[in-house]
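# build me a model:
(one chain, ligands or ions: 1)
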Amino acid sequence: MATRLKQEKEQRRMYSELVWTWPIISPKEDYIKPAKEFVAMIKDSSLIKTKTLLHLGCGGGHFDYTFKKYFKVSGVDISPGMLGLARKLNPEVNYLIGDMRNLKLRNEFDAVIIADSISYMLNERDLQKTFKTAFNHLKPGGVFATYAEETKERFKHNSIYTTTHKQGNTEITLIENLYDAIPDDTLFESAFVYLIRKKGSLTIETDYHILGLFSYNVWLKLLRKTGFKVIEKDFFKEKIPGFIGIKL
Ligand SMILES: C[S@@+](CC[C@H](N)C(=O)[O-])C[C@H]1O[C@@H](n2cnc3c(N)ncnc32)[C@H](O)[C@@H]1O
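Coordinates of the predicted model:
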């Protein structure tokens, strides 16, 4: 237990002191196709004309790089470092610091998106609060789009993923391990090892994220309880379970 608490304190270096690695390890070009899929789904399902978009958990703005071509975008994230990257990449987007669980803006939007940041909701209460944030910031007839990167049903315990990217003289190999230490709770661990080579000279960094794991039916139940009319839809080429919530 003591070790886990220590690790929790050290988590998410990816969005703080290692934030400079983000444009290298997760290139913006990789987001163009999925972002266009999001745009098409929103335009197809909305009952109103979609001109404004709120992106919760926008991170470094790699999705917004495409979204801004189709919508007037506002982005919210909890990490100042990630927002710094986003502002540099998308100066025309309105970026704000905030927590998706309790955000209260004055404006309402035609569409709300949460992509790869909703995994940071660690229990049903926070997932529901986040859905409520999306609902409260939508105009009637507008749509909310999100997806469950991992569900209890799809999760592969102790799986390992490796990527290598290079930018200029810097090459980063990232090794990620997904681990469900306690299958009865709603958490899993994502542990990272970074092999960073600058002009061939190696530095090794580590990082640790705790993420939420729910069954598919929990996602559906909470979205409906929030008030959305839900369309179930697989997202992207990986067929990730996704949801379009319409605010009637
Ligand atoms: C994988 S990154 C998103 C990257 C993003 N898709 C991009 O295009 O760069 C996940 C993001 O979720 C943010 N996040 C985590 N918990 C949050 C919360 N409660 N409210 C807002 N943002 C949160 C993190 O700060 C991080 O920037």
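# buried set for stretch 173-181?
By neighbour count with 16 or more other CB atoms under 10 Å, stretch 173-181 contains the buried residues Thr173, Leu174, Leu178, Asp180. For every residue, glycine as well, the C-beta is placed using N, CA and C.
# for stretch 75-95, that is, sorry about that
Within stretch 75-95, the residues scored as buried using 16+ other CB under 10 Å are 75-79, 81-83, 85-86, 89-90, 93, 95.
# now do it: everything it contacts.
Stretch 75-95 is contacted by residues 12, 15-16, 19, 22-23, 28, 54-62, 64-65, 68, 73-74, 96-100, 103, 117 when judged by CB atoms under 8 Å, 6 or more residues apart in numbering.
# CA atoms of it as PDB?
Output in PDB follows, covering the C-alpha atoms of stretch 75-95 (Å, rounded to 0.1, in the frame of the first residue of the first chain):
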ATOM      1  CA  GLY A  75     -10.300  23.700 -24.900                       C
ATOM      2  CA  VAL A  76     -10.000  22.900 -21.200                       C
ATOM      3  CA  ASP A  77      -7.300  20.900 -19.400                       C
ATOM      4  CA  ILE A  78      -6.100  20.500 -15.900                       C
ATOM      5  CA  SER A  79      -2.300  20.600 -16.900                       C
ATOM      6  CA  PRO A  80      -0.700  24.000 -17.400                       C
ATOM      7  CA  GLY A  81       2.200  22.400 -19.300                       C
ATOM      8  CA  MET A  82      -0.100  20.600 -21.800                       C
ATOM      9  CA  LEU A  83      -2.100  23.900 -22.300                       C
ATOM     10  CA  GLY A  84       1.200  25.700 -23.000                       C
ATOM     11  CA  LEU A  85       1.800  23.200 -25.900                       C
ATOM     12  CA  ALA A  86      -1.800  23.600 -27.100                       C
ATOM     13  CA  ARG A  87      -1.600  27.400 -27.100                       C
ATOM     14  CA  LYS A  88       1.600  27.300 -29.100                       C
ATOM     15  CA  LEU A  89       0.100  24.800 -31.700                       C
ATOM     16  CA  ASN A  90      -3.300  26.500 -31.900                       C
ATOM     17  CA  PRO A  91      -3.100  30.200 -31.100                       C
ATOM     18  CA  GLU A  92      -6.600  30.700 -32.500                       C
ATOM     19  CA  VAL A  93      -8.200  28.400 -29.900                       C
ATOM     20  CA  ASN A  94      -9.500  29.600 -26.600                       C
ATOM     21  CA  TYR A  95      -7.700  27.500 -24.000                       C
END
